[in-house]
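Chemist: Just a sequence and a predicted model for now, questions to come.
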Amino acid sequence: MEHLKNLNEMQKKAATHKEGPLLIIAGAGTGKTSTLTHRILHLIKEGVAPSEILAITFTNKAAKEMEERVGTLLQKHGFDAGLRYGDPRPFIGTFHSLGVHILREHPEIFGLTKHFSIVDKNGANTLMKEAVREAGLDSKQFSPERIANVISRQKGNLVTVEEYRKEAGNSYFPKIVADVWGRYENLLKRESALDFDDLILKTVILLRNHPEILKKYQKKWKYIHIDEYQDTNGVQYELARLLAGENKNICAVGDGDQNIYSWRGANIQNILNFEEDFVGAQTILLEENYRSTKIILEAANGIIKKNKIRKEKNLFTENKQGEKIGLIESYDEGGEARALGEKAKNLIKNGVKPEHIAILYRANFQSRALEEAFLLMEIPYQVLGVRFFERKEIKDVLSYIRAGLNPESFSDIKRIIDCPPRGIGKTTLLKMFAKDEPSLPPAQQKRVADFWKLLGDIKKYALTEKTSKLIKFVSEKTGIENSLRSGIEEDNERLENIHELVTLATKYDILPPEEAVEKLLGDAALATDQDSLIKNEHAVKMMTVHAAKGLEFPYVFVAGLEQDLFPHRRMSAENVSKEDEEEERRLFYVAVTRAKKKLFLSYASVRTIFGQRQVNVPSEFLSDIDDSLTEQEESADSDEEPVIRLDW
């Protein structure tokens, strides 16, 4: 057991459990990733083949961290698995990447090509708008976004368009949704594409309808690990259940107290009912926190114990007592932003690295005042959410690669057909997709032929060369790189971003070309907000509490702790459920437990929301924290407007 010597007793118990279902209730900061990675190491030491192990989590960031830590552990203990291409290795990824992996091995079942496209959120929105137009609907009256949300929730609950259409019957709005949904599916089919929700839904349908394929994967992955189990929705739960099979060697890791995504389908009952769903399951509680001070944990325990829909646990730590929680009271959002800026500036002046400071808020609009103040005070900051893969030049390069691999991808071809300009307009584009190119003038026919040849060259290169070389090839041969050599600063920045994409692509070069390019495209399509965080950027991080889940910072400010903002105003509605009330409290619990050394809680007496100036009372959550744990901080209490105004 030398390889487990750094684990505590409960972690060891979880790591050494082998056969049958296991539920690990892992509180915030209790070392769940360390427990999971050592459990994988222990299974391999016990003789389990690395390729028989499956580990699934929710974000690319978490999956990458787990993969790196497993690789390091295996290397340290004499195993080469997963460190070189060709070695058997555990499958570590997200639910979506697992779906992509399975569907690419059986694309013909859904009439897809092997290189089917994955439409990102923006691409899906474009297709949804087109579906609404095709249905003859006014997009102002029937919001494509609202319809998309309904469809996404249905797919997350394992409902297909055919099933929904039957249920809809003659009901007015459901009938409209069913019509738009059918058109949306046809548009996806036209492009040999799937959206995010399809990646899991169609995987479940595939495994349900083809027992021989299901048995293949059950035999392949004999030990299954699902991280963040409290965040699973209906279709993710079903995928895990199917793969667990009769052996039920499934290890679910999670914390019901950190379930904060019900609005996107996460069902807390999945973790609460685990012992009923998997009879004979062993449950292990991880309660020793390695992240926060005693004061922060005492506050966190006091907050969450008011919830009733939960499994009882109490976090404790051997860390020091720590500083009291700072309360910052300001007159308005401008004063609050300046107060937080002053505190952050003082911390930085006293040697704290800017990236060790995070400012969390309940709603995105709160960042405006904070950004204004930080600009004025010349404090470096980064707002989480400006994703690398969403930059125009990056999307252009990746669209060329997707179109090369999948010439049916109308959306990608429409994006790149005249980028850079090559004299092909909408009329020519329509004739191209109608297979009516012979009716074009000779000059246009040549342009179109050159374009198809370019895509063919890209496909050939993608399937034979390293991915990093492919990015260079695309940027040069398409003319993108040359078009950005104007000397204009903005173009220089775009060119630098393409060069950064080449650098990023080098990490895929160890894989065979076809697998590498598919993995790059999959990772790009499935990137989340957290993937936009630049580790080494020396800047204070600003983000919503939802986006902060899974992260930790030495110094954390939680802004806007006012009634009807945090907890959110929807909590004051008459028909609000007990589940919704408790989720808002869980969200505050998540915010508090991000802090390692010092926590600041901030609120303002007046705040402008939707153009209306409102007088506020402090959040009810503040009264859940014992007065002995807090201290009042001095603040910049002013209602003066900041000097700088951003154009929002």
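Modeler: Happy to help now that I have it.

Chemist: Pull the contacting residues for Leu561.
Modeler: Residues in contact with Leu561 (C-beta atoms under 8 Å, 6 or more residues apart in numbering) are 601-603, 618-619, 621-622. For the C-beta atoms, the positions are set from N, CA and C on the backbone; glycine is no exception.

Chemist: try 6 Å this time
Modeler: 601, 603, 619 (C-beta atoms under 6 Å, 6 or more residues apart in numbering).

Chemist: before we move on, what about Ile102?
Modeler: Thr203.

Chemist: Kindly recompute the last result at 10 Å.
Modeler: Taking C-beta atoms under 10 Å, 6 or more residues apart in numbering, we find Ile102 in contact with 199-200, 202-204, 206-207, 213, 216-217, 239, 243.

Chemist: Show me the strands in the stretch 251-400 of the chain, by range?
Modeler: Taking DSSP state E, counting those that start in this stretch, the strands of the stretch 251-400 of the chain run over residues 282-286, 325-330, 357-361, 381-383.

Chemist: so which strand or helix has Ala55?
Modeler: strand 53-57 (DSSP states H and E).

Chemist: Pull up the pairing partners for that strand, direction included.
Modeler: Next to strand 53-57 in the sheet, as set by DSSP bridges, lie strand 91-94 (parallel), strand 223-226 (parallel).

Chemist: Among the contacts of Ile102, which are located in helices?
Modeler: Counted as lying in helices by DSSP state H, out of those, are 199-200, 202-204, 206-207, 213, 216-217, 239, 243.

Chemist: in the stretch 451-600 of the chain, which spans are helices?
Modeler: For the stretch 451-600 of the chain, the helices defined by DSSP state H, counting those that start in this stretch occupy 467-477, 480-483, 489-505, 513-525, 545-548, 578-592.

Chemist: Make CSV from those and add mean neighbour count to it.
Modeler: Shown next, in CSV, are the helices of the stretch 451-600 of the chain (neighbours: other C-beta atoms under 10 Å):
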stretch, mean neighbour count
helix 467-477, 20
helix 480-483, 17
helix 489-505, 15
helix 513-525, 21
helix 545-548, 21
helix 578-592, 21
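
Chemist: Where among those helices is average confidence lowest?
Modeler: The stretch with the lowest mean pLDDT among these is helix 489-505, at a mean of 79.

Chemist: May I have the lengthiest strand in the chain exported as PDB, CA atoms only?
Modeler: Criterion DSSP state E: the longest strand present in the chain is strand 595-604. Extracted C-alpha coordinates of strand 595-604, given in PDB (Å, rounded to 0.1, in the frame of the first residue of the first chain):
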ATOM      1  CA  ALA A 595     -11.800  30.300  -0.800                       C
ATOM      2  CA  LYS A 596      -8.600  29.000   0.600                       C
ATOM      3  CA  LYS A 597      -7.200  31.700   2.800                       C
ATOM      4  CA  LYS A 598      -9.500  34.700   3.000                       C
ATOM      5  CA  LEU A 599     -13.100  35.300   2.100                       C
ATOM      6  CA  PHE A 600     -14.800  38.700   1.500                       C
ATOM      7  CA  LEU A 601     -18.600  39.100   1.300                       C
ATOM      8  CA  SER A 602     -19.900  42.300  -0.300                       C
ATOM      9  CA  TYR A 603     -23.200  44.000  -0.600                       C
ATOM     10  CA  ALA A 604     -24.600  47.400  -1.600                       C
END
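
Chemist: Can you tell me which of the contacts of Leu561 has the most neighbours?
Modeler: Each of the contacts of Leu561 was scored for neighbours by other C-beta atoms under 10 Å, and Leu601 scores highest at 27 neighbours.

Chemist: hey, which helix or strand in this protein has the poorest pLDDT?
Modeler: Between all helices and strands in the chain, the lowest mean by mean pLDDT, DSSP states H and E belongs to helix 489-505, at a mean of 79.

Chemist: quick one, helices of the stretch 101-250 of the chain?
Modeler: 121-134, 144-156, 161-168, 172-190, 196-209, 211-220, 234-244.

Chemist: Is it possible to get JSON lines of these that adds distance to Ile498, mean neighbour count and mean pLDDT?
Modeler: Formatted as JSON lines, those follow (distance: least, C-beta to C-beta, whole Å; neighbours: other C-beta atoms under 10 Å; pLDDT from 0 to 100):
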{"stretch": "helix 121-134", "distance to Ile498": "19", "mean neighbour count": "18", "mean pLDDT": "91"}
{"stretch": "helix 144-156", "distance to Ile498": "31", "mean neighbour count": "19", "mean pLDDT": "91"}
{"stretch": "helix 161-168", "distance to Ile498": "38", "mean neighbour count": "15", "mean pLDDT": "92"}
{"stretch": "helix 172-190", "distance to Ile498": "29", "mean neighbour count": "18", "mean pLDDT": "94"}
{"stretch": "helix 196-209", "distance to Ile498": "25", "mean neighbour count": "20", "mean pLDDT": "96"}
{"stretch": "helix 211-220", "distance to Ile498": "38", "mean neighbour count": "14", "mean pLDDT": "96"}
{"stretch": "helix 234-244", "distance to Ile498": "35", "mean neighbour count": "22", "mean pLDDT": "96"}
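
Chemist: nearest to Ala449, of these?
Modeler: Nearest of these to Ala449, taken as C-beta to C-beta: helix 172-190 at 22.7 Å.

Chemist: got the angle between the closest one and helix 196-209?
Modeler: 80 degrees (axes from the mean of the first three to the mean of the last three C-alpha atoms, to 10 degrees).
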